[in-house]
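K.L.:
could you work out the structure for the sequence below:
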Amino acid sequence: MSIRICRRFLLVWLAIGSVAAQAEDPFSDATRHIMAGDYEAAIEVYDTYVENAPQGEHAALAAFGAGSLQQLALEDPEAAVRSFDRVLTGYRQSPWAPEAARRKAECLQAVENWGEAGSAYQAALELAVAQSEGPGADWINEVSLAAADCFYELGDRERVVETYERALDQSLPPNAAATTHYRVGNCYETAGDAPNAARHYARILTDYPFTREFGEAAGKRGLIEPHQEINWDACEAFSTSTDLRQRAALEESIERCRAVMDMDASRALKKAAEFRIVVDETILSGNFSEGSRRLRSLTRDLPPSVRVEQVTQRLQLFDQVAGMEAEVERNPDSGPAHATLGELYVRMGSLDKGIETLTRALEITPYNISSRLNLCFALIRRGRVAEAREIADRHLAEHPEATNVMNMMGYQLLQQQHIEEALNYFRRYVEAAPEEANAHDSYGEGLMTAGRLEEARGEYQRAVALDPTFSNAYYMLGSIQQQLGEETEAREAYARFLELTPGDPRAPQARAAIEELGGISNR
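P.N.:
Presented below is the predicted three-dimensional model:
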């Protein structure tokens with residue numbers, strides 16, 4: 001949830017929740033300040049209430065409200081921790097205590113204080129369990145996993161295993177369960193306990209085929225095989241189908257999935273293969289109305305471990321495409337309907353139908369930029385690059401300022417390994433917008449992909465010179481300089497990246513690179 005959404009939720013919760021607490025709202029002034037965006041004044045109202053009535057009926061709520069504003073609105077984790085600690089020390093029996101402990105842990109986690117964050121999450125769990133009407137199972141599962149994540153970052157394997165094993169006793173969603181099994185397995189493997197490591201890795205292979213960890217667990221065959229019985233032919237066939245689908249080789253993917261269904265594999269793996277067959281056959285046929293019906297029927301019979309979010313999203317997309325097909329049938333001369341349906345076809349991988357439908361959309365509304373771009377992207381993915389470039393260049397001749405088209409064409413071509421063509425569009429972007437940091441960042445990525453590291457380094461240096469807060473450019477610059485043996489410069493680039501975006505998913509890689517390069521520079 002973004003900070004902006006959190007703020008909205010907080011405003012509603014404080015404005016409604018506090019009024020519901022009693023007929024005469026003691027925090028009405030705080031609510032007015034919040035609505036006006038004056039969070040400091042609202043915090044002062046809450047703090048004053050606690051100081052004047054420390055044993056008051058709503059003192060715990062006031063302390064919690066102050067901490068929530070400091071955490072979510074002011075983004076001041078240190079001040080928020082002090083307010084949440086006030087709840088935990090003075091009002092430990094209040095219904096706000098478990099959530100206060102959780103929020104405290106989130107603040108500590110945000111500043112990478114892993115040990116204290118993990119302990120705070122554990123305290124939240126203990127407080128929740130102690131209350132007869134504490135949070136529900138979803139809350140407890142989420143906090144359990146967060147605690148284990150902190151201990152995992154800290155390298156405390158024993159506490160990770162203890163916390164994760166406790167979480168696995170709960171009913172976790174498939175993706176969370178697979179991640180948990182993999183991390184527990186990794187901890188056992190690191191400790192030299194092969195039988196327990198194999199037990200957890202094997203559970204992923206039998207129960208969670210649609211998760212990212214399936215492929216990683218399959219790579220542990222040498223460890224698993226002496227301790228667990230697994231049909232490796234079925235696992236290999238399913239993994240191969242995944243690779244084939246990523247290359248849009250759907251016919252071959254279907255063959256591999258049919259082979260899985262003929263093998264002595266787990267029910268989850270067979271159902272996952274059957275689901276994939278229905279999806280791929282629908283994409284090939286382009287009959288999404290029938291595909292939606294088949295998929296809905298199959299989804300009802302899927303084991304819980306296979307009902308991942310991607311399955312639900314796929315069914316929703318099928319329904320959406322089927323709905324738009326019906327709309328186009330009702331309104332055959334509607335340009336917007338054809339444009340939307342064509343975009344959906346492309347998203348689903350039905351490229352030929354997407355090209356056909358988007359071409360029709362442009363016949364009806366010739367100047368629809370979205371249809372033009374989506375048609376270009378479909379043609380590129382189909383290997384018809386010359387046609388895509390002709391459409392894009394015609395648009396750029398009419399709109400030479402459309403640098404977004406240059407950038408998007410560059411990335412689409414780059415993704416399909418048409419590197420020289422991609423560089424052409426990135427170069428045009430730089431020429432059209434030499435003062436835009438993003439232009440140099442994009443061109444730098446193209447050059448880096450082409451293996452032209454010195455030139456790429458120059459583009460990323462120009463990007464950060466134009467915008468010293470462009471974090472992605474610093475990360476890429478660090479990677480290039482590390483490859484070029486410029487260790488001091490690489491450390492400084494990675495350190496600046498971490499300074500700007502410590503919560504970026506690439507932060508662990510940046511920290512590992514700095515450590516490999518001999519620690520943070522004295523800059």
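
K.L.:
hey, let's count contacts and neighbours off CA atoms from now on
P.N.:
Fine.

K.L.:
okay, whichever helix or strand Ala361 is part of in PDB with CA atoms only?
P.N.:
Ala361 is located in helix 351-364, with elements delineated by DSSP states H and E. C-alpha atoms of helix 351-364 as PDB (Å, rounded to 0.1, in the frame of the first residue of the first chain):
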ATOM      1  CA  LEU A 351      -0.700 -11.600 -31.300                       C
ATOM      2  CA  ASP A 352      -2.300 -12.400 -34.700                       C
ATOM      3  CA  LYS A 353      -5.700 -11.600 -33.400                       C
ATOM      4  CA  GLY A 354      -4.300  -8.500 -31.700                       C
ATOM      5  CA  ILE A 355      -2.700  -7.300 -34.900                       C
ATOM      6  CA  GLU A 356      -5.900  -7.900 -36.900                       C
ATOM      7  CA  THR A 357      -8.100  -6.100 -34.300                       C
ATOM      8  CA  LEU A 358      -5.800  -3.200 -33.800                       C
ATOM      9  CA  THR A 359      -5.500  -2.700 -37.600                       C
ATOM     10  CA  ARG A 360      -9.300  -2.500 -37.800                       C
ATOM     11  CA  ALA A 361      -9.300   0.000 -34.900                       C
ATOM     12  CA  LEU A 362      -6.900   2.200 -36.800                       C
ATOM     13  CA  GLU A 363      -9.100   2.000 -39.900                       C
ATOM     14  CA  ILE A 364     -11.900   3.400 -37.800                       C
END
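
K.L.:
give me the low-pLDDT residue ranges for the protein?
P.N.:
Within the chain, the stretches with pLDDT under 70 are 1-25, 129, 131-138, 140-141, 170, 519-523.

K.L.:
so what touches the helix holding Ala361?
P.N.:
286, 333-339, 341-346, 368, 371-372, 374-375, 378-379, 381-382 (C-alpha atoms under 8 Å, 6 or more residues apart in numbering).

K.L.:
could you rerun that using 10 Å?
P.N.:
For helix 351-364, contacts defined as C-alpha atoms under 10 Å, 6 or more residues apart in numbering pick out 283-286, 328, 332-348, 365-382.

K.L.:
what does stretch 316-326 give?
P.N.:
279, 282-283, 286-293, 295-296, 310-315, 327, 329-332, 337-338, 340-345, 347-348.

K.L.:
in the stretch 251-400 of the chain, what residue spans correspond to helices?
P.N.:
267-285, 288-299, 309-330, 335-348, 351-364, 369-381, 385-398 (DSSP state H, counting those that start in this stretch).

K.L.:
of these, which is nearest Ala167?
P.N.:
helix 309-330 (19.8 Å; C-alpha to C-alpha).

K.L.:
in PDB, list the C-alpha atoms belonging to that closest one.
P.N.:
Output in PDB follows, covering the C-alpha atoms of helix 309-330 (Å, rounded to 0.1, in the frame of the first residue of the first chain):
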ATOM      1  CA  GLU A 309      -3.100 -14.800  -7.500                       C
ATOM      2  CA  GLN A 310      -2.000 -15.400 -11.100                       C
ATOM      3  CA  VAL A 311      -4.700 -17.900 -11.700                       C
ATOM      4  CA  THR A 312      -7.400 -15.500 -10.500                       C
ATOM      5  CA  GLN A 313      -5.900 -12.700 -12.600                       C
ATOM      6  CA  ARG A 314      -5.900 -15.000 -15.700                       C
ATOM      7  CA  LEU A 315      -9.500 -15.900 -15.200                       C
ATOM      8  CA  GLN A 316     -10.400 -12.200 -14.800                       C
ATOM      9  CA  LEU A 317      -8.500 -11.300 -18.000                       C
ATOM     10  CA  PHE A 318     -10.300 -14.100 -19.900                       C
ATOM     11  CA  ASP A 319     -13.600 -12.800 -18.700                       C
ATOM     12  CA  GLN A 320     -12.600  -9.300 -19.700                       C
ATOM     13  CA  VAL A 321     -11.600 -10.400 -23.200                       C
ATOM     14  CA  ALA A 322     -14.800 -12.400 -23.600                       C
ATOM     15  CA  GLY A 323     -16.800  -9.300 -22.600                       C
ATOM     16  CA  MET A 324     -15.000  -7.100 -25.100                       C
ATOM     17  CA  GLU A 325     -15.500  -9.700 -27.800                       C
ATOM     18  CA  ALA A 326     -19.200  -9.400 -27.200                       C
ATOM     19  CA  GLU A 327     -19.000  -5.600 -27.200                       C
ATOM     20  CA  VAL A 328     -17.300  -5.600 -30.600                       C
ATOM     21  CA  GLU A 329     -19.900  -8.000 -31.900                       C
ATOM     22  CA  ARG A 330     -22.600  -5.600 -30.800                       C
END
